[in-house]
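Novice: predicted model follows, preceded by the sequence.
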Amino acid sequence: MQVSTPNNVKIYNLIAGKTLPEWLTDRKKRDLQKKDADIQRRIQLIQDFEMPAVSNCIRSSRDGQYLMVTGTYKPRVRCYEVAQMSMKFERGLDAEVVTFDILSEDYSKVVFLHCDRYVEFHAQYGRYYRTRIPKVGRDFSFHYPSCDLYFVGASREVYRLNLEQGRFLNPLVTNSVESNVCDINPVHQLFACGTVEGRIECWDPRVRSRVGELDCALSSITEDTMVEGLPAISALKFKDGLTMAVGTSTGQILLYDIRSNRPVLVKDHHYGLPINSIEFNDPQDLVLSTDSKILKIWNKHTGKAYTSIEPESEINQLHVWPDSGLIFMANEEPKVLTYFVPSLGPAPRWCSFMDNLTEELEEMETPTVYDDYKFVTDTDLENLGLAHLIGSPLLRAYMHGYFMDIRLYQKAKTIAEPFAYEEYRRNKIRQKIEETRDSRVKTNKLPKVNRDLAQRLIEEEDDKGEGKKKKKAKEASSLLQDDRFSALFSNPEFQVDTETEEFRLLNPVVRQQKKKKREKREKLEDQFQEVEEDEEEQEEVEGRGSDDDSSSSEDDRDLVEELRKQHRDIRRERALQHKAERERDAATNLTPKFYELKMGEEFMKDGEGRKDSKRKMKASLGERVQLQEETDKMLRLSGQAVGSKELTFNLRKVEKPRETQRKLDEAQHRLERKEVRRSAGQYLKKPRTKPGTFWKGKKKK
């Protein structure tokens with residue numbers, strides 16, 4: 001059990017506590033309940049008070065003995081007998097339940113409105129009858145004096161089903177296109193329905209005529225409320241014969257006295273979410289209203305907040321046990337939320353022990369995961385060296401990872417990271433030392449990176465003044481303290497390089513600007529004294545003369561000379577750098593050398609000239625003549641002795657040695673295959689069988 005005190009009001013969460021994994025068998029669960037002290041101290045108000053996935057609606061019988069809950073998936077209804085604190089029965093349904101109501105004193109007569117337009121009537125043994133309404137229904141109410149069921153939904157008509165006659169009666173026609181909710185006053189049986197246009201239409205069931213209409217959309221807009229869009233009616237509840245509470249889709253609750261068309265009080269949830277449930281607490285004059293995010297409890301006379309409950313999951317419906325402080329909420333999680341607020345009322349008779357337990361309970365943290373199991377992913381298993389356990393009983397697959405025993409995880413982590421504790425211990429010691437240093441006198445310690453920039457920012461922070469100076473000092477302090485700029489003073493990659501050309505060209509301008517500001521400040525401090533703002537402006541206008549103009553022109557000339565000097569230095573450094581590079585290239589013999597071919601010589605690769613000369617010497621006279629004729633055919637020079645020369649040549653494709661050798665190998669291979677090839681005709685012909693010789697009934701070989 002978890003205890004919280006919002007607004008100094010104690011709220012006990014009865015479902016908080018240690019959770020047993022679903023995959024454990026019943027035997028292991030019983031063993032854990034016997035051994036584990038935390039599980040033994042866990043309070044389970046009603047056994048198996050949950051749904052497989054989501055709970056939608058919750059109701060209690062008028063005799064106070066039964067509690068019914070609907071949910072998914074699959075669609076079902078569960079009935080719990082509170083005297084036994086356990087489930088009495090469970091029934092499966094064909095479609096999801098929009099809402100339901102218990103017509104009898106116990107669970108023997110129940111009506112369910114489904115999302116597929118069907119209306120089911122259940123008796124004590126199960127489903128009794130099933131019918132269908134013309135349009136999709138959103139809510140219904142039962143009129144006990146006439147036994148009529150009023151259905152509202154996606155239609156302007158309110159359908160009436162008489163349970164005594166067993167037939168539909170003439171519907172009530174509203175002025176709206178659709179209706180969302182409806183309710184019947186328990187005192188004078190006035191029927192009211194809320195529409196999507198933000199109106200409440202009231203009907204008298206005795207004469208079947210409209211007796212009144214309220215415009216709640218216009219009344220919900222006040223100075224303290226924030227309304228976006230047209231408010232539709234999303235919740236409706238009667239308290240007594242005169243008080244009515246209306247909830248809108250924009251998050252407002254309006255309290256009406258039905259004798260007036262103006263609301264007595266308008267309460268805003270400030271979340272902009274539709275109000276889905278409204279309940280009243282008569283002893284404390286409180287109103288309980290919920291949207292999908294929060295339950296708010298507030299005073300119905302002043303609207304002052306009493307307390308609130310904000311669960312982790314979305315709320316679908318609220319139900320308060322009559323004349324008690326026990327609250328149930330259907331939500332978007334398997335477990336039905338159960339809270340006990342002693343200040344709202346005592347515990348019900350069937351769980352009167354809660355009054356004694358709440359006096360002895362202390363605050364406990366709500367575990368978000370199973371205490372005895374650790375959730376790990378594939379990456380965590382690889383880091384721990386336990387990837388080989390995948391598929392074994394030691395790991396239970398769940399979503400994108402696995403559950404493993406916390407003791408095994410701690411042992412594996414100790415082996416994989418033996419020095420993790422030492423590192424943790426050193427960090428804690430370092431934190432303690434830093435905490436003790438905070439009480440000492442602080443000194444401005446400059447960082448290792450961009451020390452000059454940090455020093456300038458610290459000086460600007462110390463030099464606080466009025467107006468722009470004060471604003472600049474504030475920006476400098478924020479730059480030093482902001483974590484977004486911490487890398488500027490810690491990462492060496494952000495170090496300002498003062499040797500670059502850009503910095504050297506920009507630095508004179510920055511220095512000149514600082515020099516101007518410093519001289520101007522000193523001059524003002526020497527000549528003027530601090531006065532009021534209007535007098536200061538007048539003195540500034542009257543005291544401005546030619547000295548300022550002359551000083552500014554001199555400063556401009558100094559700035560130009562400084563920039564020219566920097567440009568000359570940069571050009572000189574570039575020239576020296578190029579000269580040094582040329583000298584270094586010459587020293588390493590990188591300059592290319594050129595050679596001239598002698599007269600009458602032919603350029604050949606190494607060894608080619610010697611091979612050609614040897615080939616020519618060995619060739620016969622006829623081969624030499626043939627070679628000369630081929631050369632003349634390829635290259636022929638004609639023309640006059642002076643000018644008009646013509647050169648004719650023929651290109652001859654020279655095959656590479658590798659290509660020639662490949663062709664020779666292919667030809668040789670074809671010849672070899674031709675020699676060894678044999679005819680396959682003898683294998684294709686069917687062999688002839690000769691009759692065998694027999695002797696004494698047996699074939700003779």
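Specialist: Yep, that arrived.

Novice: only C-alpha atoms for contact and neighbour calcs from this point on.
Specialist: OK.

Novice: who touches residue 88 in this structure?
Specialist: The contact partners of residue 88, by C-alpha atoms under 8 Å, 6 or more residues apart in numbering, come to 78, 79, 80, 81.

Novice: what helix or strand does it sit in?
Specialist: strand 86-92 (DSSP states H and E).

Novice: show me how far that strand is from its chain's centre.
Specialist: Counting by C-alpha atoms, centre = their mean, to the nearest Å, strand 86-92 is centred 38 Å from the centre of its parent chain.

Novice: that one pairs with which strands?
Specialist: When pairs are called by DSSP bridges, strand 86-92 turns out to pair with strand 76-81 (antiparallel).

Novice: pLDDT (mean, whole number) over the partner strand?
Specialist: Average pLDDT, strand 76-81: 94.

Novice: what's it in contact with?
Specialist: Counting by C-alpha under 8 Å, 6+ apart, 46, 65-71, 86-93, 96, 107 sit against strand 76-81.

Novice: neighbours of residue 624, how many?
Specialist: Other residues near residue 624 come to 13 when the count uses other C-alpha atoms under 10 Å.

Novice: wait, I meant residue 263
Specialist: 19.

Novice: now it: phi and psi?
Specialist: phi -70, psi 150 (degrees, to the nearest 10).

Novice: my read: it touches residue 256, true?
Specialist: Yes: taking C-alpha atoms under 8 Å as the definition, residue 263 is a contact partner of residue 256 at 4.7 Å.

Novice: which stretches of the stretch 351-500 of the chain form strands?
Specialist: 373-376, 395-398, 401-405 (DSSP state E, counting those that start in this stretch).

Novice: show me which positions of the longest one end up buried.
Specialist: Same thing as strand 401-405. 401, 402, 403, 404, 405 (16 or more other C-alpha atoms under 10 Å).

Novice: please apply the same query to the first one.
Specialist: Of the residues in strand 373-376, 373, 374, 375, 376 count as buried by neighbour count, 16+ other C-alpha under 10 Å.

Novice: direction included, what does that strand pair up with?
Specialist: strand 401-405 (antiparallel).

Novice: any idea how far the partner strand is from the middle of the chain?
Specialist: 23 Å.

Novice: what average pLDDT does stretch 132-149 get?
Specialist: pLDDT averaged over stretch 132-149 gives 93.

Novice: buried ones in it, by neighbour count?
Specialist: Under the neighbour-count criterion of 16+ other C-alpha under 10 Å, stretch 132-149 has 133, 135, 136, 137, 138, 139, 140, 141, 142, 143, 148, 149 buried.

Novice: now, which of those lie within strands?
Specialist: 137, 138, 139, 140, 141, 142, 143, 148, 149 (DSSP state E).

Novice: around the nearest residue to the second one once chain neighbours are set aside, how many other residues sit close by?
Specialist: Okay, so that is residue 138. In space, and not counting its chain neighbours, residue 138 is closest to residue 153: 4.7 Å by C-alpha to C-alpha, 6 or more residues apart in numbering. Here the number of neighbours of residue 153 (other C-alpha under 10 Å) works out to 24.

Novice: surely residue 153 is in contact with residue 134?
Specialist: No: judged on C-alpha under 8 Å, residue 153 makes no contact with residue 134 at a distance of 9.9 Å.

Novice: show me where the stretch 351-500 of the chain has helices.
Specialist: Ranges of helices in the stretch 351-500 of the chain, per DSSP state H, counting those that start in this stretch, are 353-357, 378-384, 406-416, 420-437, 451-462, 468-481.

Novice: looking at the ones you listed, which has the lowest confidence?
Specialist: The lowest average pLDDT among the helices of the stretch 351-500 of the chain, as it happens, falls on helix 468-481, at a mean of 59.

Novice: check contacts around the closest residue to residue 280 other than its chain neighbours.
Specialist: Leaving out its chain neighbours, the residue that sits closest to residue 280 by C-alpha to C-alpha, 6+ apart is residue 287, at 4.7 Å. By C-alpha under 8 Å, 6+ apart, residue 287 lies in contact with 278, 279, 280, 281, 297, 298, 299, 300.

Novice: where does residue 287 fall, secondary structure wise?
Specialist: Per DSSP H and E: strand 286-290 holds residue 287.

Novice: dihedrals phi and psi, the residue nearest to residue 138?
Specialist: phi -180, psi -140.

Novice: state the pLDDT value of it.
Specialist: In this model, residue 153 carries a pLDDT of 93.

Novice: can the buried residues of strand 401-405 go into a markdown table with extra columns for distance to residue 561 and pLDDT?
Specialist: Shown next, in a markdown table, are the buried residues of strand 401-405 (distance: C-alpha to C-alpha, whole Å; pLDDT from 0 to 100):
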| residue | distance to residue 561 | pLDDT |
| --- | --- | --- |
| 401 | 70 | 88 |
| 402 | 73 | 89 |
| 403 | 75 | 88 |
| 404 | 76 | 87 |
| 405 | 77 | 86 |
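
Novice: and the furthest pair within these?
Specialist: The most widely separated members of the buried residues of strand 401-405, counting by C-alpha to C-alpha, are 401 and 405 (13.5 Å).

Novice: so how far is the helix or strand in which residue 254 is found from its chain's centroid?
Specialist: Following DSSP H and E, one finds residue 254 within strand 252-257. Remark: strand 252-257 is offset 37 Å from the chain centroid, using C-alpha atoms, centre = their mean.
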